[in-house]
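Participant: Okay, sequence plus prediction incoming.
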Amino acid sequence: MAFSDHRAQEETARQLIRQARQWQNTGNAVAESDNIVVETAEKIFADLADPQTINNDKNNSWQAPLWQALSEAGLPLAWVPDDLGGSGASLADGFALLNAAGRFAVAVPLAETMLAGWLLAQARIASPEGEMTVVPASPKDRITLDADGALSGRARGVPFAKAAKHFAVLAHGKDGAVIALVDASTGRIESGLNVGYDHSDTVTLDKVQPITIKPAPKGLDQTTLMLMGGVARSLQIAGALEAMLDISVRYSNERVAFEKKISKFQAVQHNLARLAGESAAALAAATSAADAIANAKSFNDEVYLEAASAKIRCAEAAEKGGGIAHQVHGAIGFTMEHILHRYSLRALAWRDDFGSESHWAVELGKLVATRGADELWPLVASR
Amino acid sequence: MAFSDHRAQEETARQLIRQARQWQNTGNAVAESDNIVVETAEKIFADLADPQTINNDKNNSWQAPLWQALSEAGLPLAWVPDDLGGSGASLADGFALLNAAGRFAVAVPLAETMLAGWLLAQARIASPEGEMTVVPASPKDRITLDADGALSGRARGVPFAKAAKHFAVLAHGKDGAVIALVDASTGRIESGLNVGYDHSDTVTLDKVQPITIKPAPKGLDQTTLMLMGGVARSLQIAGALEAMLDISVRYSNERVAFEKKISKFQAVQHNLARLAGESAAALAAATSAADAIANAKSFNDEVYLEAASAKIRCAEAAEKGGGIAHQVHGAIGFTMEHILHRYSLRALAWRDDFGSESHWAVELGKLVATRGADELWPLVASR
Amino acid sequence: MTAALRFDPIRLPEKCEQLRKEVRAFLAEEIAAGTFDPNKPNREDTDAPEFSRRVGAKGWLGMTWPKKYGGQERSFLERYVVTEEMRVANAPTRRFFVADRQSGPVLLKYAPEHIKMEILPRICRGEICFAIGMSEPNSGSDLFAAKTRATKTDGGYLINGTKIWTSSAHIADYMIAIFRTSPPTKENRRHGLTQFLVKMKQPGIKVNPIGQITGQYEFNEVVFTDHFIPDDHVLGEVDGAWKQATSELAYERSGPERFLETYYVLTELVRAVGPNPDTRSAEGIGRLVAQLHTMRRMSVSVAGMLQAGKEPVVEASIVKDIGTVWEQQLPHRVRDLAAFVEETATNRETLERQLDFAIKTAPKLTIQGGTTEVLRGIIARGLGLR
Amino acid sequence: MTAALRFDPIRLPEKCEQLRKEVRAFLAEEIAAGTFDPNKPNREDTDAPEFSRRVGAKGWLGMTWPKKYGGQERSFLERYVVTEEMRVANAPTRRFFVADRQSGPVLLKYAPEHIKMEILPRICRGEICFAIGMSEPNSGSDLFAAKTRATKTDGGYLINGTKIWTSSAHIADYMIAIFRTSPPTKENRRHGLTQFLVKMKQPGIKVNPIGQITGQYEFNEVVFTDHFIPDDHVLGEVDGAWKQATSELAYERSGPERFLETYYVLTELVRAVGPNPDTRSAEGIGRLVAQLHTMRRMSVSVAGMLQAGKEPVVEASIVKDIGTVWEQQLPHRVRDLAAFVEETATNRETLERQLDFAIKTAPKLTIQGGTTEVLRGIIARGLGLR
């Protein structure tokens, strides 16, 4: 399908999303293939973000058309209600969309803009057009609001900050958490790249006046934002692992060594079985957490368990699973020409965003310890 | 060879050990097969401590003749000089003997009596006849000497305390470490079994008057004793892993599944290759540490690195390697009838004695941190 | 995608939560009454016939089976809740576990009606204990190498040979076993085995206990000498057990018992480190809990697929592969994390005793009911590699 | 014992310690002079011809070779010391490393005298760089599937085909490669390959760099089109490279470069946590150091065996298997341990930059020069399993 075909199709996309939302919000978790938001996104990704095509494109000329198509379909603002300028998809649909984005190793700030839009919407702040990201993106960093209404602080590892036109900022004021929309050009950005070669920048706000600022709703604090971001990353990692399993299985059925397909070697079979296990675990952890958040009434311990576990387990799977995918591919997978690294390195990079697995493991461990030994099983068996 | 044959042979054993010592102390590390101490011990083990025979013997009737033969050959007091009642073998020979004992999963207090004799000899205290053990056997426990010359304290996990006639005690006096010979019947023993079904008891000394007590030589403290014990255990673990590799390889070449020997399955081959790696690593770490101690002028950082590393790495190998041996054996290896558990469980149990791998890892990590980053490589490359 | 694995985020229905409360209350009563000690997992092999009957009386055995056979026609998800609560409490389930999980469903599918009517209600009442006769001295993972013969005779078969690793055979009333009725054919080496219902405690059956390295005697060798089985005790197709064996094993693969067998050491570790763990302990616990939670959600998801009538062989095998490797390593990881627990921790001795047992249990976890190697082979087949 | 693996505790002779001091002093001078930055391992691929000549002038290339070819007739243990010190310092050894480790020994064994006299002294002086032409697009681990043809012609051979993954081919003066001179036979599929000395930068050779996921261009594709090689550049037996290839690979298997490739992150971690680490960091560092120390002692032991004229193929393969798996996991373990390093740690940015590079390097470590699968196959053969 050529690019021009999209135009017509996606003019009706927002309409479709709204319809989809109606019948999806009625039932239990909906399978991906039944999800029109995901179907729309997958069509766009397949046409404009095919990993092999992107990998061969040295000057990133694919980014602009991809972003435009996604924007026209209303996807970056999927989590923003209609009345705030978004397309008002459900949380569940948005998470499924991120999982699909992971399957294509999509390297535009889709997840970041979705998260930013979601954060702004929590304070009823309308989302502007264009790329956004969230500040801060690490549980360790802190942005503060001073008495003059200006924001200050430093945030490391902010994904796609350099590409963002606006920041959605979660800051600490003297009366509690606030949410602000900030013009990206008012912050100082030190550019960096993560291990997956995507922008991961340091953002410094020095008495920056936000465009809009409002109190965060009760119960939404930096931890909530980090968990929300962590679940987004978990879904992306799970998607990347699904793709890695897929291309590794295919490669093993094509590649010949010692006069047979390498898929016929028991060592390769068992490695791929383990990769399937890691991929499955990541998928289960991420989709379970997404479902928990999508249906949560508050960020209670049970949701915390789901979200933190997803980030921990998906990060572990990224390391183990990605390692196996590379081992199966041999030297070819270590080249820039092959698409494997688009998945494997990005999955590793995503481990670091919104709190590493070590961070969440310590926090989850503390939560479990505080609740006490006899409350562990009731927590695990809570749904 | 029947038991009576030993008698005549071992009357000359002490003599042989002395000869062996002379020509062995001249050169570099001597290979096991050239070592007459080890050869003597292996003959005794093969005749009187064959693992299969022992395993079938439900009432432990093999223990007395084995201990008698070992004693007559002067092996339990191998590390005690002639003038203190021992056979005066070198440290190197004694360590090689312990490695051989590990290969037979020998379950009499040979290592413990050797360590006790060694400890007593450091203070020029003569060793009595019979089984001994060392107190304490954990870096966490502490025996103290009071002003009246009495010893008090509690030591957990003391191997074979119940079988010992005497304890060699390392205690803390107000002028520093002391070494004492204590009649075992003067202590209180709470009997216990380790994971390998050998005695691992709690010894409580309550104002006990020792038989003999002397100041420890400069440089010998509880840490030294623990490292010495840890290296002894490392050699035993390495020996057990050698045996586990051996019986696992043999089993895989006998057992048939899916119409072929299981040794022909690549998954089994790779598992056994990993077991060989763990066995090799344990052997290298343990023998290197033994060689370092045998040739050390003092317990400096380099010896500390060797000894702590041996305990850490051998304990890790016991878990990984033993796990593989069991996996290769399938259900049969899980039975009391099969000899595998004599090695696998004992190797796991030995992890706990004289400081676990976690204990030594923390201590080694602190040592490395204190020395600083730029002194790590010089330490590792020190020999 | 070549390999579309699905693990949908099943939510347990409301009624499961009510049921869970009932099960917990029941178990608390049993513990209070001294039926079992939840801190002594090594007592798990204790035979507890009265407990079994009380569980049956609650309606928690054969829960998913038709009411006419004594079942409750409840869902796999409800059964899941009962199973996991029993397991976590270290309840003495040995007497009914096999019958409920495996043998009952086989009978439901393959037994003649009069046998179903006779036996299934007794399983549901917790009156009878089952064993499984698969392995033989020279056939472990490779079930189809079984040699124990069933020779046709008047009105039935005469059995000669030996089964091994038969859990609970010493207390079992029945065994479901495969025996060789014909030699394998050149085209199909799986041909020639038939599944039978065996009544234990009859002439021609000798049960020899086998000591395990845990100190327990849970395994047995079962020797058959001209043991007679009537024709109506054939289950399914003569010579065709291979068509039945695969789906049967699926029951074994992904239940909560496949990752919870050493769970108790994690609880005790949390107790031992107390409410203010250091970073090392907190991280260790956090990772283990995240891994456990993930496996449970995968396992619940598979239960949901079973409930929906699917046959998630690959997904179930993945859960068992990951789960058993995890529960095997758990005691060692907990031992590491417990290395610096204060000597004053109130449950230190309990933890040490439990670790001792769990470490000795660990080796069997990746062997019983389908080895890691067999499971990965199944997964690889599902991925289209074999 | 079926499998008698030996790892005797070799002590490095006194003269090694003197040599070590010299190497450290030399490297410190080079660092001071700005030749390389030890904190930038990703600069390791920088071509450093002058450094190479200065190392040669020290007598540290071809150290174990006969003096008549420019060597020093020193021991493998002395060479070991030089190699490990260079590696730990992240010195730019790329230009001479392959020639010193692999190509020189092959020439010593198989080249005609006049070629040895011509080339070996130049390697020892650090003047020339070698590459190895083994893999082809459709033959990776399976060297004997190579298809690039060497067709006999007047006075030599014409080469046509493609080698791949050829490190340093873009800067190399020579390559030692295997080409197909005859088809394999039915009895021996390894038959028909011949080892050649190839002079690079000649007509008929095109080198195409391949980008690696680290961002480096260290690998190459080398395309031969009617490239002429004279007869005296045949190394060893025509059609018989299979007899030579095995022992050649042994050089690659157990040197310090097989577990030290990502070592720098461990140093930086120790620096970052400072002198008073918490229990978590101390334990992590302690275990990693114990593992590293053990591998080094194994590796030194293998060097001692080589020095004693043994061929410890299995022991060397074990060191490489364990070593490469370790150095592959090291960056991830260090990342874990660094998770709570204070933002104020002075080397935090260095550590992060190094981790980034090491994590990207990691996947190749268990592939290059013999995959984990190939190594375990060799070990299994040594154990008598195949």
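Facilitator: Received, thanks. For clarity, every value in this text was computed on a predicted model and none was experimentally measured. Numbering: from 1, shown residues only, chains lettered A, B, ... in the order given.

Participant: Which stretches in the stretch 101-250 of chain A count as strands?
Facilitator: In the stretch 101-250 of chain A, the strands defined using DSSP state E, counting those that start in this stretch lie at A:132-135, A:142-145, A:151-159, A:166-173, A:176-183, A:188-190, A:200-208, A:212-215.

Participant: pLDDT wise, what is the nearest residue to residue C:356 once chain neighbours are set aside at?
Facilitator: Distances taken as Cβ to Cβ, 6 or more residues apart in numbering or on different chains place residue B:195 nearest to residue C:356, at 5.2 Å, with adjacent residues excluded. Backbone N, C-alpha and C define where each C-beta goes, glycine included. According to the prediction, residue B:195 has pLDDT 97.

Participant: Pull the contacting residues for whichever residue of the stretch 151-300 of chain A sits closest to chain B.
Facilitator: Nearest residue of the stretch 151-300 of chain A to chain B, counting by Cβ to the nearest Cβ: residue A:266, 4.0 Å away. If a contact means Cβ atoms under 8 Å, 6 or more residues apart in numbering or on different chains, then residue A:266 has B:265, B:266, B:267, C:377 as its contacts.

Participant: Also residue A:159?
Facilitator: Here residue A:159 is in contact with A:109, A:111, A:112, A:133, A:137, A:194, A:198, A:199, A:200, A:353 (Cβ under 8 Å, 6+ apart).

Participant: Tell me which of these fall in helices.
Facilitator: A:111, A:112 (DSSP state H).

Participant: Now distance to chain C and neighbour count too, for the contacts of residue A:159, in a markdown table please.
Facilitator: Listed next are the contacts of residue A:159 as a markdown table, based on distance: Cβ to the nearest Cβ, whole Å; neighbours: other Cβ atoms under 10 Å in any protein chain shown:
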| residue | distance to chain C | neighbour count |
| --- | --- | --- |
| A:109 | 25 | 27 |
| A:111 | 20 | 26 |
| A:112 | 24 | 27 |
| A:133 | 27 | 28 |
| A:137 | 21 | 27 |
| A:194 | 23 | 20 |
| A:198 | 24 | 20 |
| A:199 | 29 | 20 |
| A:200 | 24 | 22 |
| A:353 | 17 | 25 |
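
Participant: Serialize the contacts of residue A:159 to TSV and add fields for distance to residue C:106.
Facilitator: Putting the contacts of residue A:159 into TSV (distance: Cβ to Cβ, whole Å) gives the following:
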residue	distance to residue C:106
A:109	55
A:111	48
A:112	53
A:133	57
A:137	54
A:194	53
A:198	53
A:199	58
A:200	56
A:353	49
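
Participant: rewinding a little: mind checking how far the residue of the stretch 151-300 of chain A closest to chain B is from residue D:293?
Facilitator: 34 Å (Cβ to Cβ, to the nearest Å).

Participant: Next: residue A:347.
Facilitator: In terms of Cβ to Cβ, residue A:347 sits 32 Å off from residue D:293.

Participant: Compare neighbour counts for these two and give me the winner.
Facilitator: Between residue A:347 and residue D:293, counting by other Cβ atoms under 10 Å in any protein chain shown, residue A:347 is the more crowded of the two (31 against 26).

Participant: Contacts only, for the more buried one.
Facilitator: Residue A:347 makes contact with A:102, A:196, A:236, A:237, A:240, A:241, A:244, A:318, A:321, A:322 under the criterion Cβ under 8 Å, 6+ apart.

Participant: which ones among those are found in helices?
Facilitator: A:102, A:236, A:237, A:240, A:241, A:244, A:318, A:321, A:322.

Participant: Chain D next: which of the residues you listed are close?
Facilitator: residue A:322 (Cβ under 8 Å from any Cβ of the partner chain).

Participant: ok, of the ones in helices among the contacts of residue A:347, which one's closest to residue C:210?
Facilitator: Checking the ones in helices among the contacts of residue A:347 against residue C:210 with Cβ to Cβ, the nearest one is residue A:321 at 38.9 Å.

Participant: Please consider this matter closed, and thank you.
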